[in-house]
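Peer 1: can't give you the sequence, but here's the structure:
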Ligand SMILES: CC/C=C\C/C=C\C/C=C\CC/C=C/CC(=O)SCCNC(=O)CCNC(=O)[C@H](O)C(C)(C)COP(=O)(O)OP(=O)(O)OC[C@H]1O[C@@H](n2cnc3c(N)ncnc32)[C@H](O)[C@@H]1OP(=O)(O)O
């Protein structure tokens, strides 16, 4: 028999200035207090959410081809689907993974931060902040099933999870490579990395923009486990099964205790961080670097 649940979506989620939602992409949303959905399979155009066979677990799959770049739309859909899972108290854990072969996520969508106007940069950056805050402070257990390349913002997204399983394929790499693009990882990207791999390793990785192949990523502690490619999702699900044995309230309070001070660092100066980002990214020299990087990516094929 199909399992169904009523999921309440707070109307305030619809009122956030950055959440210029495209109704066509989010067919399940209605601007009323709540909406009834089937937990068999839901989601939106770029984010698919499927309950796993184990009770209380969902798999969230990003499908924004070709490279799962974190466009404004993808970020918006991610946050809304996460909120939906959090509001449905039947879910306790989520596996985050990708539908793009060989790529977990290419990170921030460079077309959102290149050649646009300051108002767009501000709106986009607010959505990036929101994605990080929501994932980093989520009460749910989050496990990243990293089934492909995972640079920059893709790495950040996986670092917000409680555990990372990566495909043991030397073609893939993970890391915060911002300096290679001539840009700077913001302090909260840096803090998330430091909390995961420590200060010295982060200092080196961030300055050099290191992208770690799986074996090195495991050594440095950027991922927790390597498995053959076809076992990434199943391993993530079995990790979640272990975590589910811990009483939720104790685990959630512990997670919050560990992470809140870092999140507060951004919460206290969100607007200032947006202004810094807009003025940094609007510089001619930075725009030139980004244009060159994008052109190189596009030429790669030709
Ligand atoms: C003092 C200052 C203080 C504070 C500063 C304040 C603020 C900080 C400022 C800025 C911080 C901004 C933070 C940014 C973080 C990011 O995430 S930046 C994005 C970084 N991402 C990357 O470097 C990845 C680039 N992509 C790749 O390496 C490869 O594409 C990838 C390995 C993912 C896949 O390779 P492959 O399968 O071969 O695919 P292609 O390379 O051929 O790509 C296919 C098409 O996709 C386009 N594309 C790739 N990545 C992106 C992207 N991130 N955004 C947009 N588009 C992308 C690529 O151009 C191809 O397009 P085409 O088909 O040619 O049109």
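Peer 2: Thanks, I have the structure now. Fair warning: this is a prediction, and the values are worked out from it, not measured in the lab.
Peer 1: which bits of the stretch 101-250 of the chain sit near the ligand?
Peer 2: 103, 106-111, 149, 151-153, 177-178, 181, 183-184, 186 (Cβ under 6 Å from any ligand atom). C-beta: built from backbone N, CA, C; applies to glycine.
Peer 1: Now the spatially most central residue of the chain. Nearest residue, chain neighbours left out?
Peer 2: Residue closest to the average C-alpha location in the chain (Cα atoms, centre = their mean): residue 157, at 3.0 Å. In this structure, residue 157 finds its nearest non-sequential neighbour in residue 105, 6.2 Å apart by Cβ to Cβ, 6 or more residues apart in numbering.
Peer 1: Contact partners for that neighbour?
Peer 2: Contacts for residue 105 were tallied using Cβ atoms under 8 Å, 6 or more residues apart in numbering; they are 62, 67, 68, 69, 70, 98, 150, 153, 154, 157.
Peer 1: Can you tell me which of those has the most neighbours?
Peer 2: residue 150 (34 neighbours; other Cβ atoms under 10 Å).
Peer 1: any idea which element that one lies in?
Peer 2: strand 148-151 (DSSP states H and E).
Peer 1: Name the residues that touch that strand?
Peer 2: Identification of contacts with strand 148-151 by Cβ under 8 Å, 6+ apart yields 98, 100-107, 158, 166-167, 171-177, 211.
Peer 1: I'd like to know the average pLDDT value across it.
Peer 2: Mean per-residue pLDDT for strand 148-151: 98.
Peer 1: do the same with stretch 178-185
Peer 2: Mean per-residue pLDDT for stretch 178-185: 96.
Peer 1: before we move on, what about stretch 115-122?
Peer 2: Mean predicted confidence for stretch 115-122 is 98.
Peer 1: Stretch 286-295 now?
Peer 2: The predicted model assigns stretch 286-295 a mean pLDDT of 96.
Peer 1: contacts for it?
Peer 2: Contacts of stretch 286-295 (Cβ under 8 Å, 6+ apart): 110, 111, 113, 114, 115, 180, 181, 182, 183, 280, 281.
Peer 1: Please list the members of those that lie in helices.
Peer 2: Residues of the contacts of stretch 286-295 located in helices (DSSP state H): 280, 281.
Peer 1: Any quick ChimeraX command for the buried ones out of the contacts of stretch 286-295?
Peer 2: Of those, the buried ones can be selected in ChimeraX as follows, counting by 16 or more other Cβ atoms under 10 Å:
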select :110,113,114,180,181,183,281
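Peer 1: nearest to residue 297, of the contacts of stretch 286-295?
Peer 2: residue 110 (7.9 Å; Cβ to Cβ).
Peer 1: got a list of what that closest one touches?
Peer 2: Contact partners of residue 110, counting by Cβ under 8 Å, 6+ apart, are 69, 290, 293, 294, 297.
Peer 1: so where's the chain shaky on pLDDT?
Peer 2: Confidence mapping of the chain against pLDDT under 70 gives the ranges 1-40, 301-302.
Peer 1: dump the residue contacts of residue 236.
Peer 2: Residue 236 touches 95, 97, 143, 144, 145, 163, 165, counting by Cβ under 8 Å, 6+ apart.
Peer 1: ok, of the residues of the stretch 101-250 of the chain next to the ligand, which come out buried?
Peer 2: Among these, those scoring as buried are 103, 106-110, 149, 151-153, 177-178, 181, 183, 186 (criterion: 16+ other Cβ under 10 Å).
Peer 1: Looking at these, which one is closest to residue 237?
Peer 2: Distances from residue 237 to these, taken as Cβ to Cβ, are shortest for residue 103 (20.9 Å).
Peer 1: In the sheet, which residues pair with that closest one? Tell me.
Peer 2: Residue 103 has these beta-bridge partners by DSSP bridges: residue 149.
Peer 1: What distance do you get for it to residue 119?
Peer 2: Counting by Cβ to Cβ, to the nearest Å, the gap between residue 103 and residue 119 amounts to 30 Å.
Peer 1: likewise residue 125?
Peer 2: Counting by Cβ to Cβ, the gap from residue 125 to residue 119 is 11 Å.
Peer 1: Who has more neighbours out of these two?
Peer 2: Taking other Cβ under 10 Å, residue 125 and residue 119 do not tie; residue 125 has more neighbours (23 against 9).
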